[in-house]
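>>> Predicted structure and sequence below. I'll ask about it afterward.
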Amino acid sequence: MDEAYLNYVDKLLQANHSCSIATHDRQIQQEAKRLISEYNTDKSIYEFESLYGIQAAQLAALKEAGHPSKTYFVYGKECIYTCAIGLPSIL
């Protein structure tokens, strides 16, 4: 699954298409950073996204390094659904 995800990230960045990199996986984040650097991707094209409370330090480090970053706080029916099925199931 990681390879397929990174393949999509690669294709989007290479095409200079907007790309939301929504993952808590450090290896995927590192490879995405490498691709961003390789393609000299403008910061208006991509952002890293994470769910509130999961690997918060990783997202903070990306933001401190200058990468656009966003934290999502899921609540209500969506939260109950997410918690019921488990995070890996929604990818």
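Now that the structure is in, tell me what you want to look at. Keep in mind the model is a prediction, meaning the values are calculated, not measured.
>>> Select the longest strand from this structure.
strand 46-51 (DSSP state E).
>>> Which strands and helices lie in contact with that one?
Under the contact definition 3 or more CB pairs under 8 Å, 6 or more residues apart in numbering; DSSP states H and E, strand 46-51 sits against strand 19-22, helix 26-38, helix 56-64, strand 69-72. Yep, even glycine has a C-beta here, placed from its N, CA and C like the rest.
>>> Kindly compare burial across the ones you listed and name the winner.
strand 19-22 (a mean of 19; mean count of other CB atoms under 10 Å).
>>> can I have that strand written out in PDB, keeping just the CAs?
Only the C-alpha atoms of strand 19-22 are listed here, as PDB (Å, rounded to 0.1, in the frame of the first residue of the first chain):
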ATOM      1  CA  CYS A  19      -1.600  17.100  -3.500                       C
ATOM      2  CA  SER A  20      -2.700  16.600   0.100                       C
ATOM      3  CA  ILE A  21      -0.300  14.100   1.700                       C
ATOM      4  CA  ALA A  22      -2.500  12.700   4.500                       C
END
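>>> Distance from the chain centre to it, please.
Centre-to-centre, strand 19-22 and its host chain are 4 Å apart (CA atoms, centre = their mean, to the nearest Å).
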